[in-house]
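Student: Quick check, what structure comes out for this input:
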Amino acid sequence: MSARAGFEFLEHTADVGIRSFGASVEEVFEQATRGLAEIIGAWRWDPDAEIEAGDEVPVAVDADPGDLAGLLVDWLSEVLYLHEVRDAAFGGVRVERVGGGRAEGTVTLVPAGPGGFEGTPVKAVTYHRLKVGPGSDGWVAEVYLDI
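Tutor: Got it, this is the predicted structure:
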């Protein structure tokens, strides 16, 4: 991960947004995934702590070639689906390839832990103000979530 990788939350009247950034489009997808997991209270990765081993689950989604923004919506929607159907938190994310209308990688699912999730439930990933592209210092994405 580059020193410039990360994410921040964006204010919105009824939704919540994530702006993610990184040296590559793959890094931007990873950071957007971390942002989603933080919002729902399901991010459990801490490099300084021992966590229970999780299940590495392959994730692959397809969209129209050249539609990176649509691909990000599909990727995050699939990650949200995995969280919901497995009632799991995330212990890690790795996006290996984004391009040609396909995103591939893995998420590590870990037990939710006592108390479940203390974040904000997310209904859906939206296309509202959606953008993914090169920025002044790497790649940037903005995506809004329906809460």
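
Student: pretty sure Val16 contacts Leu10?
Tutor: Yes - the pair Val16 and Leu10 qualifies as a contact (C-beta atoms under 8 Å) at a distance of 7.2 Å. Placement of C-beta: from N, CA and C, glycine included.

Student: which neighbours do those two share?
Tutor: Applying C-beta atoms under 8 Å, 6 or more residues apart in numbering, one finds that Val16 and Leu10 are jointly contacted by Tyr144.

Student: in the chain, which spans are helices?
Tutor: Along the chain, counting by DSSP state H, helices occupy 25-39, 68-86.

Student: Could you single out the most deeply buried of those helices?
Tutor: helix 25-39 (a mean of 24; mean count of other C-beta atoms under 10 Å).

Student: So which other helices or strands are in contact with that helix?
Tutor: Helix 25-39 is packed against strand 6-10, strand 15-22, helix 68-86, strand 88-99, strand 102-111, strand 138-146, with contacts defined by 3 or more C-beta pairs under 8 Å, 6 or more residues apart in numbering; DSSP states H and E.
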